[in-house]
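A.B. asks: Only the shape, not the letters, is given here:
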């Protein structure tokens, strides 16, 4: 499994991914799932991956190769004129890789499947965030749904739904994502540290902040312990159920 | 989908189930998923169901019939000498029903599958809580894992893990379950109100409290609104991430 979140704020994007890959619980490894292409002043694109590692690595390698040597006259992620076109290119590349690996063209829900998040900005367009399906099609984050999760999305979703605010600072947003990642980490062994983190500020066309949050990161420990404590306190402050007031009591 | 939780406390059991069944999002109904057999002073058994509704209804009907008329000389849930034997009987019945429905004996992960929770007490034994798999085998809750969830278990799990305390009162436990159900309800359309609630106090051999929590229940509304607010407040009190302190910042 995997857990990656892309969060759209009014000021830009925050992307976070875990780094665990596994083929069974007895075969785990650490692989970065966040990949960045940047032409300072012109474009900044970040890709996060979940799903079959061979598939996602092949997609990233193809995108990399085509951005460096235009031998096969394919379009390049560094030349596409808009984020929409980048999402199309990434979707096509993903679909191609899955089709090639599955031989007879089997795509959806195949064991070669992968789901991707792409966020970024290409001048003069706005910052955009897309979720690309294994079929190669994609959807865009909006004001109503300002974040996408891929991989193990359920455990960490309630706090994102409750605490997200588009006006948040990057620092607040990182805190929010760490709380969401912490809940996921506690419940699913196939999501693991370290976490990769990146922020992008609108119209900067360069990486904002970038960090790898390690197992022994003191801030993460503070959030993880503090959140457990804060939850218990918050829970304690809610009124208890009262059986006697309940009219349906027998 | 479904969401049911059985929670073992030092003082007894709390069971809660939703009532939504669905065959696609365009075909939803309300069915009780909680069934009780009680012989005052001797035994009290509660069953909660998730999975194929035809399967779970058949299981409950068979258990009911056999507890009333011993025509087929099958054992009865009202005669088994212990909760362990009840779990075996329920597991065998479930396995039988699935085998009959799937014809050729297909069992695990079949569309006829169902998962059950059984809790209760038969004198002179202790209170016990079991989770029964579609294969008919079962596991028991312990001090390390004092609760079982069936159906859509992920969204509501983090708060159970964090806030459960075996010393809790029934009132606190109902509050905890309602918070867990609220998170699930908000994220999965196939879990729906009303909720059925039952408590059982050790050695009482009768239903403790029983209630149906309706859509407009004022306490549930208070918990649902209050928990969102409490989460945001708790979140606000945690320290924000600081980019400048991070040594891996570029």
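C.D. replies: Cool, got the structure. Bear in mind that the values here come from a model prediction, so they are computed numbers and not experimental data.
A.B. asks: and the helix or strand encompassing residue A:229, what other elements does it pack with?
C.D. replies: Per DSSP states H and E: residue A:229 is located in helix A:218-237. In this structure, helix A:218-237 makes packing contacts with helix A:170-187, helix B:157-163, helix B:170-187, helix B:218-237, judged by 3 or more C-beta pairs under 8 Å, 6 or more residues apart in numbering or on different chains; DSSP states H and E. The way it works is simple: take the backbone N, C-alpha and C, and place the C-beta from them, glycine included.
A.B. asks: at 10 Å what do you get?
C.D. replies: helix A:170-187, strand A:210-213, helix B:157-163, helix B:170-187, helix B:218-237 (3 or more C-beta pairs under 10 Å, 6 or more residues apart in numbering or on different chains; DSSP states H and E).
A.B. asks: out of these, nearest to residue A:62?
C.D. replies: Using C-beta to C-beta as the measure, strand A:210-213 is the one of the helices and strands packed on helix A:218-237 that comes nearest residue A:62, at 23.8 Å.
A.B. asks: what residues does the closest one touch?
C.D. replies: A:15-16, A:18-19, A:32, A:34, A:36, A:46, A:174, A:177-178, A:181, A:193-200, A:217, A:219-220, A:223, B:241, B:243, B:246-250 (C-beta atoms under 10 Å, 6 or more residues apart in numbering or on different chains).
A.B. asks: Buried only: go through those residues for me.
C.D. replies: A:15-16, A:18-19, A:34, A:46, A:174, A:177-178, A:181, A:193-200, A:217, A:219-220, A:223, B:241, B:243, B:246 (16 or more other C-beta atoms under 10 Å in any protein chain shown).
A.B. asks: what's the closest of the helices and strands packed on helix A:218-237 to residue B:111?
C.D. replies: Ranking those by distance to residue B:111, with C-beta to C-beta as the measure, places helix B:170-187 first at 22.6 Å.
A.B. asks: check whether that closest one contacts chain A.
C.D. replies: Yes: using C-beta under 10 Å from any C-beta of the partner chain, we find that helix B:170-187 touches chain A at B:170-180, B:182-184, B:186-187.
A.B. asks: Hey, what's the angle from that helix to helix B:218-237? Just curious.
C.D. replies: When axes from the mean of the first three to the mean of the last three C-alpha atoms, to 10 degrees is applied, the directions of helix B:170-187 and helix B:218-237 differ by 80 degrees.
A.B. asks: tell me the mean pLDDT for helix B:170-187?
C.D. replies: Summarised as a single mean, pLDDT over helix B:170-187 is 95.
A.B. asks: thinking again about what came up before, for residue A:60, which of the helices and strands packed on helix A:218-237 is the nearest?
C.D. replies: That would be strand A:210-213 among those, by C-beta to C-beta, at 17.2 Å.
A.B. asks: Can you show me the strands along chain A?
C.D. replies: Ranges of strands in chain A, per DSSP state E, are A:3-8, A:12-17, A:20-22, A:28-30, A:34-39, A:43-51, A:114-122, A:128-132, A:138-140, A:147-151, A:195-201, A:210-213.
A.B. asks: any chance of these in JSON lines, with mean pLDDT too?
C.D. replies: Shown next, in JSON lines, are the strands of chain A (pLDDT from 0 to 100):
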{"stretch": "strand A:3-8", "mean pLDDT": "97"}
{"stretch": "strand A:12-17", "mean pLDDT": "98"}
{"stretch": "strand A:20-22", "mean pLDDT": "88"}
{"stretch": "strand A:28-30", "mean pLDDT": "88"}
{"stretch": "strand A:34-39", "mean pLDDT": "96"}
{"stretch": "strand A:43-51", "mean pLDDT": "96"}
{"stretch": "strand A:114-122", "mean pLDDT": "97"}
{"stretch": "strand A:128-132", "mean pLDDT": "97"}
{"stretch": "strand A:138-140", "mean pLDDT": "96"}
{"stretch": "strand A:147-151", "mean pLDDT": "96"}
{"stretch": "strand A:195-201", "mean pLDDT": "97"}
{"stretch": "strand A:210-213", "mean pLDDT": "95"}
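A.B. asks: possible to save the ones you listed as a markdown table with distance to residue B:100?
C.D. replies: Shown next, in a markdown table, are the strands of chain A (distance: least, C-beta to C-beta, whole Å):
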| stretch | distance to residue B:100 |
| --- | --- |
| strand A:3-8 | 41 |
| strand A:12-17 | 47 |
| strand A:20-22 | 38 |
| strand A:28-30 | 41 |
| strand A:34-39 | 51 |
| strand A:43-51 | 38 |
| strand A:114-122 | 39 |
| strand A:128-132 | 43 |
| strand A:138-140 | 43 |
| strand A:147-151 | 38 |
| strand A:195-201 | 49 |
| strand A:210-213 | 53 |
